[in-house]
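Enquirer: Structure for this input, please:
(2 chains)
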Amino acid sequence: MTTSQHEISDEIAKIQADSPTGAPLLDFPPYRSTLLRHPTKELQLVDPEGAELLAPVFGHSDVAPVESDLTIQRGGEPIGERIRVHGRVLDGDGRPVRRQLVEIWQANAAGRYSHQGDQHPAPLDPFFTGVGRCLTDDHGWYSFTSIKPGPYPWRNHHNAWRPAHIHFSLFGTDFTQRLITQMYFPGDQLLALDPIAQSITDPAARARLIASYDHSQSEHEWLLGYRWDIVLTGSHATYLEPSDD
Amino acid sequence: MTEATPGQTVGPFFHHALAYPGDAELVPFGSAGSVVLHGHVYDGEGTPVPDAMIEIRQADASGVVPAVGGSLRRRGAGFTGWGRCCTDSSGHYWFSTVEPGLPFFAVTVFARGLLDRLFTRIYLPGAEGARDGLVASREDDGRLRFDIHLQGPSETPFFTFPRM
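Expert: Just a heads-up that it's a prediction; the model follows:
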């Protein structure tokens, strides 16, 4: 583990100079763990059929409203900057993805996950699991109350740090819209150094993973608001008319 | 068309968020008419991948793809046609389900070190029109077996779909 950030950043710059792509490159050596875990054959273009045409359905029996507030799950106040992250889940035609499951997980304010595999010597917070769920509403809106996650070190190379992020797991109306991704925070200096974020080699596409500060959602003497919209392409549904909301 | 939000790896720390009781049991294990679909996930050197997650979506035994909620709670929901399994320390995944009335299970694969999800299919043995390399084998005890190779000589065929 002697590779420096400088060497990693050089590798990233060389790859990005080639051809910018909107989806992450699966073969992206600066993120070392991809080495043996990326397919080498081209993806086969397939017309979706059967179960691929329909995403799983989730309902209020699956998710309790309290699961969208990560600050009240353990009977005490977690430490950190209280935030709200909200936005809309849309399909590629701008239509809302209604009543669909959104799952999130994140590190605590010190950059530590409540996960047995996380060995980073930062404190656990007994009042924070970092896990949340909600259903989008009839207009595709989701909202979570949480604590701003801290950046944390990882072992990709020497002095490697992940930018602060929240993991999002999303479903559309079609199975083919399934997405797991990460939301980042505006102004984070670690983003440019991070091989995971930089695996999306088109800067405009990468920017779509960064939330914006949303003062209209900040609450007086209580929390700071962020807005992040998510677009799930890959629906086979015929475009009928612009959505009315 | 609006531009897609790019994917990112599921990372190493997803289990406490995404695994839940009964996630891999689309029907109760051992119940009448149930079948086990299982296998291992391997990397390009044939090493098991202990931090992957597999999801399946499927029709019921009569060929209907259910559009009913309840997959996360599994309480009296009936058959919802969706399940999730995190691989164990030996890279093994399994589902207790029914054999779909349509020829394949739709599959998504996530893992640490895999920067975006992968789509594939697992066809039932003997299914007509099955794509090469995507047919499950029937074991002596009746279980369906399908190994997923992220890379290497036995690399599993993975898909992309129109309009992605």
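Enquirer: For residue A:32, see how far away the closest residue to residue B:40 other than its chain neighbours is.
Expert: Leaving out its chain neighbours, the residue that sits closest to residue B:40 by C-beta to C-beta, 6 or more residues apart in numbering or on different chains is residue B:91, at 4.6 Å. Yep, even glycine has a C-beta here, placed from its N, CA and C like the rest. Distance, residue B:91 to residue A:32, using C-beta to C-beta, to the nearest Å: 19 Å.
Enquirer: Neighbour count for those two, which is higher?
Expert: The residue with more neighbours, out of residue B:91 and residue A:32 and counting by other C-beta atoms under 10 Å in any protein chain shown, is residue B:91; that gives 20 against 17.
Enquirer: ranges for the helices of chain B?
Expert: In chain B, the segments counted as helices under DSSP state H are B:15-18.
Enquirer: what does chain A give?
Expert: Chain-ordered helices for chain A, with DSSP H as the definition, fall at A:5-18, A:195-198, A:203-207.
Enquirer: can I get these in JSON lines with mean pLDDT and distance to chain B?
Expert: Listed next are the helices of chain A as JSON lines, based on pLDDT from 0 to 100; distance: least, C-beta to the nearest C-beta, whole Å:
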{"stretch": "helix A:5-18", "mean pLDDT": "96", "distance to chain B": "12"}
{"stretch": "helix A:195-198", "mean pLDDT": "98", "distance to chain B": "6"}
{"stretch": "helix A:203-207", "mean pLDDT": "97", "distance to chain B": "5"}
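Enquirer: which residues does the residue lying closest to residue B:60 once chain neighbours are set aside contact?
Expert: Leaving aside its sequence neighbours, residue B:60 sits nearest to residue B:79 (C-beta to C-beta, 6+ apart; 5.1 Å). Under the criterion of C-beta atoms under 8 Å, 6 or more residues apart in numbering or on different chains, the contact list for residue B:79 reads B:26-27, B:60, B:66, B:98.
Enquirer: about what we covered before: just the helices of chain A: most buried one?
Expert: Per-residue neighbour counts averaged over each of those give the maximum for helix A:195-198, namely a mean of 24 (mean count of other C-beta atoms under 10 Å in any protein chain shown).
Enquirer: roughly how far apart are the residue nearest the centre of chain A and residue A:122?
Expert: The centroid of chain A falls nearest to residue A:182 when counting by C-alpha atoms, centre = their mean (2.0 Å). The spacing between residue A:182 and residue A:122, counted by C-beta to C-beta, is 19 Å.
Enquirer: What separation do you get for the residue nearest to residue B:60 and residue A:178?
Expert: When distances are taken as C-beta to C-beta, residue B:79 and residue A:178 turn out to be 20 Å apart.
Enquirer: In PDB, please show the C-alpha coordinates belonging to the longest strand belonging to chain A.
Expert: In chain A, with assignment by DSSP state E, the single longest strand is strand A:82-91. Coordinates of each C-alpha in strand A:82-91 appear next as PDB, following Å, rounded to 0.1, in the frame of the first residue of the first chain:
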ATOM      1  CA  ARG A  82     -28.600  17.800  11.800                       C
ATOM      2  CA  ILE A  83     -29.600  17.800   8.100                       C
ATOM      3  CA  ARG A  84     -32.600  17.100   5.900                       C
ATOM      4  CA  VAL A  85     -32.000  15.600   2.500                       C
ATOM      5  CA  HIS A  86     -35.000  15.800   0.100                       C
ATOM      6  CA  GLY A  87     -35.700  15.600  -3.600                       C
ATOM      7  CA  ARG A  88     -37.600  13.800  -6.300                       C
ATOM      8  CA  VAL A  89     -37.200  10.400  -7.900                       C
ATOM      9  CA  LEU A  90     -38.000  10.700 -11.600                       C
ATOM     10  CA  ASP A  91     -37.800   8.500 -14.700                       C
END
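Enquirer: Alright, that wraps it up for me.
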